[in-house]
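S.K.: Quick one: sequence and predicted model below, then my questions.
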Amino acid sequence: MSMLLNRKYGSRLECLYYILKSRYDKYGKTTAFTLADLKYDDDDEYNVHNYCKLLTDCVGIECCPFLVNPLNNSKCYATQSVDSDSTKSKAVSDIGGSLEALGFILRSGRKFKISDAGEKWAKTDFYSKEWEEVALKGVLSYGVVQGFLNKLRSEEDTFSYSGIYLSFPKTDEIVEYTDNNGDVKYINISTDSQRDSNTRTMSRIIGWCVAV
């Protein structure tokens, strides 16, 4: 299983910004929240639709344009909703992982808090130079992006990412541990990425780089 970001939900920085801004207005920097708290909630005055500038008119209702059916109960493509989550929480997991990778939220166990950088980003205007500067710094703070850019140094000016592979190494390293029954067992800790997940990771990284 890949440890790299390789799903599609957090690919748009603008969506991540609106989600983070809604959470900052609700929780500030001091209150911890869970992944489930990122989901769209119709009863929450801070739900992301009250912040999102990407909504489109659909039969008189403002809808997320990225849903296959804009009228379904998921409400928000990036997070899904508390009433309907066809992704089985994969969406909010990706959003949480994306915001963490960018340095905008900090993890503590199963909960998160908004970081200094996250607060700064949430307080910027989307069309401002400062928004872009904070976003750029966040993108470059994700180590995988630095690895990607380093690989590009040996590529031509025009390149295809199909030949660029980003992954944790396949070490086949065996670790010995003792289970709850006192029995000694062994586990392979290899975390290499499969080719299909690498393609999704590359799409994510290029999308972020283009955006900033």
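M.R.: Received, thanks.
S.K.: Report all helices and strands that the helix or strand where R23 lies contacts.
M.R.: Using DSSP states H and E, R23 sits within helix 13-27. In terms of contacts (3 or more C-beta pairs under 8 Å, 6 or more residues apart in numbering; DSSP states H and E), helix 13-27 is packed against helix 90-101, strand 111-114, helix 116-122, helix 129-141, helix 195-211. All C-beta atoms are positioned from the backbone trio N, CA, C, and that covers glycine.
S.K.: Quick check: which of these is nearest to Y27?
M.R.: strand 111-114 (6.8 Å; C-beta to C-beta).
S.K.: for the protein, what are the low-confidence residue spans?
M.R.: Within the chain, the stretches with pLDDT under 70 are 1-3, 163, 167-172, 188-197.
S.K.: Go again with 80.
M.R.: Scanning the chain for pLDDT under 80 picks out the ranges 1-4, 156, 159-177, 179-180, 186-199.
S.K.: Mean neighbour count and distance to S22 added to the helices and strands packed on helix 13-27, as TSV?
M.R.: TSV is the format used below for these (neighbours: other C-beta atoms under 10 Å; distance: least, C-beta to C-beta, whole Å):
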stretch	mean neighbour count	distance to S22
helix 90-101	22	12
strand 111-114	20	11
helix 116-122	19	9
helix 129-141	17	16
helix 195-211	17	20
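S.K.: Isn't D179 up against K185?
M.R.: Yes. Counting by C-beta atoms under 8 Å, D179 touches K185, with 5.6 Å between them.
S.K.: Give me the neighbour count for the closest residue to V59 other than its chain neighbours.
M.R.: Once flanking residues are discounted, V59 sits nearest to L71: 7.6 Å by C-beta to C-beta, 6 or more residues apart in numbering. Using other C-beta atoms under 10 Å, L71 has 11 neighbouring residues.
S.K.: From A78, how far out is Y161?
M.R.: For Y161, the distance to A78 (C-beta to C-beta, to the nearest Å) stands at 23 Å.
S.K.: So for those two, which sits in the more crowded spot?
M.R.: A78 (29 against 18).
S.K.: right, and the more buried one touches S93 too?
M.R.: No. If you go by C-beta under 8 Å, A78 and S93 don't touch, sitting 11.5 Å apart.
S.K.: H49: neighbour count?
M.R.: 16.
S.K.: State the distance from V134 to V212.
M.R.: 10 Å.
S.K.: K129 too?
M.R.: Taking C-beta to C-beta, one finds K129 at 12 Å from V212.
S.K.: now D42
M.R.: 32 Å.
S.K.: Next: V175.
M.R.: Counting by C-beta to C-beta, the gap from V175 to V212 is 38 Å.
S.K.: Which one of those two is surrounded by more residues?
M.R.: The residue with more neighbours, out of V175 and V212, is V212; 16 against 9, by other C-beta under 10 Å.
S.K.: how close does the more buried one get to E132?
M.R.: 6 Å.
S.K.: How about C15?
M.R.: Taken as C-beta to C-beta, the span from C15 to E132 is 16 Å.
S.K.: swap in K39?
M.R.: Taken as C-beta to C-beta, the span from K39 to E132 is 28 Å.
S.K.: Over to V68?
M.R.: 31 Å.
S.K.: repeat for I174
M.R.: 46 Å.
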